[in-house]
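Colleague: Any chance you could fold what I've pasted below:
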Amino acid sequence: MSILGLHHITLVSADAQRTVNFYVQVLGLRLVKQTVNFDDPSSYHLYFGNATGAPGTAITFFEWRGAPRGRRGIGGTHHFALTVPDEVALLKWKRRLIDHQITVKGPYDRHYFQSIYFNDPDGVIIEIATAQPGFGVDEAQPGQQFMSPSEENQLANQDDEAIQQQVWSEPIPLITADMALTVGMHHISAITADLERTHAFFNGVLGMERVKMTANFDDPTSAHWYWGVNGGQPGTLITYFERPYSTTRASQMGTGHTHHFALAVEDEESQLYWRGQLIRSGLPVSPVMNRDYFKSIYTRDPFGHIVELATRGPGFAVDESLDALGKRLQLPAMHERLRAHIEATLTPLVVPNWRDYHKGEVES
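Modeller: The predicted model follows:
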């Protein structure tokens, strides 16, 4: 039994409709489920992804209106990244985002991939990263030794004028097939105060491979390690920056920040195996919780970040057809009796048709 890769990331939004507009109309993701936080049915829980919301493509949000702004720091996530095939797609995304008056940084050469960065309306840092060349470009067995970013690479990433000029020449009014974000996430990056303790958690307890030890390309004083599956395939990667408490505060949950991220396991049997592993390692772990679309257990990394292990199924079509995904508020059975009250509490959503923002048919 093994961890399969990323399942989803859950963030906090201040305004559900604004979040829907951005992730559907700008990024071209599909709203595959509008439901509520099962533990707090007074707030929305929105899921975005590919046509079916497959594990690894799911970006989800709790709406916490009036909540304070979150803060990145130790024990929290720094950003998440979505996958595109190549630099052409990156340059197209840069042009599309700029045309939507969104500030874009990059593209930068991260040696193992190239990427751009921008923020969603709540301030979440989003990266779009290429699938190649991968972690084998500088060592035969990735993750075995420290690989320092080259001086040439660091200088290239600091050449703001040259970087600014790298952009697609034509407007991108619709998302073309070669740049669609339906492949899902590339990686999730978080912050730790001790990479060895974090390695003991992801490798020693959860059995994930360490696929790279390097440094933050923007801050070479900060070590940056990657864990993944199958040699570090995009969609399986968890990465951590190491920063000491002397210079970095603890994270604070709030809008524009991550609530938790989830790793995928195959089924309930596998999930119970990993729950046993966590208990045997002396780590806190929740009971199995039925989230209707998957089952979940929750634990924490060594510095407090909530980490979920979620089953791949049954998926988002259990309570509505594939064609109808995301169009109507779906409630768990335990909260159905409260529908009238919940609907009166939540602001109704206008859900754009995600296909309207793509050129041609969208692949799942």
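Colleague: How about residues contacting the helix or strand harbouring residue 270?
Modeller: Using DSSP states H and E, residue 270 falls within helix 268-280. Around helix 268-280, the neighbours that count as contacts under CB atoms under 8 Å, 6 or more residues apart in numbering are 1, 3, 205-206, 265, 284-285, 288, 295, 297, 299, 309, 311. C-beta here means a position set from N, CA and C on the backbone, and glycine is covered the same way.
Colleague: Please produce JSON lines containing those residues, extended by pLDDT.
Modeller: Below are the contacts of helix 268-280 laid out as JSON lines (pLDDT from 0 to 100):
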{"residue": "1", "pLDDT": "87"}
{"residue": "3", "pLDDT": "98"}
{"residue": "205", "pLDDT": "98"}
{"residue": "206", "pLDDT": "98"}
{"residue": "265", "pLDDT": "98"}
{"residue": "284", "pLDDT": "97"}
{"residue": "285", "pLDDT": "98"}
{"residue": "288", "pLDDT": "98"}
{"residue": "295", "pLDDT": "98"}
{"residue": "297", "pLDDT": "98"}
{"residue": "299", "pLDDT": "98"}
{"residue": "309", "pLDDT": "98"}
{"residue": "311", "pLDDT": "98"}
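Colleague: Which residues are in contact with residue 242?
Modeller: Residues near residue 242 by CB under 8 Å, 6+ apart: 191, 192, 193, 194, 195, 222, 223, 224, 225.
Colleague: Now do the SS call for the last one.
Modeller: Secondary structure state of residue 225, per DSSP: H, G, I helix; E, B strand; the rest coil, is strand.
Colleague: Just give me the neighbour total for it.
Modeller: Other residues near residue 225 come to 24 when the count uses other CB atoms under 10 Å.
Colleague: Wait, it touches residue 240, no?
Modeller: Yes: contact criterion CB atoms under 8 Å: residue 225 and residue 240 qualify, at 5.8 Å.
Colleague: May I see the PyMOL selection of the buried members of the contacts of helix 268-280?
Modeller: Here is the PyMOL command that selects the buried residues among these (16 or more other CB atoms under 10 Å):
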select buried, resi 3+205+206+265+285+295+297+299+309+311
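Colleague: Stretch 102-118: how far from the chain's middle?
Modeller: Centroid separation for stretch 102-118 versus its chain: 16 Å, with CA atoms, centre = their mean, to the nearest Å.
Colleague: do stretch 32-45 as well
Modeller: Relative to its parent chain, stretch 32-45 has a centroid offset of 19 Å by CA atoms, centre = their mean.
Colleague: So for it, what gets flagged as buried?
Modeller: 32, 33, 34, 35, 36, 37, 38, 41, 43, 44, 45.
Colleague: Look up which residues are beta-bridged to the last one.
Modeller: Spelled out, that is residue 45. Beta bridges link residue 45 to residue 35, residue 62 when assigned by DSSP bridges.
Colleague: For it, give me its contacts.
Modeller: By CB under 8 Å, 6+ apart, the neighbours of residue 45 are 10, 33, 34, 35, 36, 37, 38, 60, 61, 62, 63.
Colleague: now the residues you listed in CSV, with pLDDT?
Modeller: Listed next are these as CSV, based on pLDDT from 0 to 100:
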residue, pLDDT
10, 98
33, 98
34, 98
35, 98
36, 98
37, 95
38, 94
60, 98
61, 98
62, 98
63, 98
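Colleague: Would you mind extracting the C-alpha trace of the helix holding residue 270 into CSV?
Modeller: C-alpha atoms of helix 268-280 as CSV (Å, rounded to 0.1, in the frame of the first residue of the first chain):
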residue,chain,number,x,y,z
GLU,A,268,-10.7,2.4,2.7
GLU,A,269,-8.5,-0.6,3.4
SER,A,270,-5.4,1.4,2.5
GLN,A,271,-6.7,4.4,4.6
LEU,A,272,-7.0,2.2,7.7
TYR,A,273,-3.5,0.8,7.1
TRP,A,274,-2.1,4.4,7.1
ARG,A,275,-4.2,5.3,10.1
GLY,A,276,-2.6,2.4,12.0
GLN,A,277,0.9,3.6,10.8
LEU,A,278,0.2,7.1,12.2
ILE,A,279,-1.0,5.7,15.5
ARG,A,280,2.0,3.3,15.8
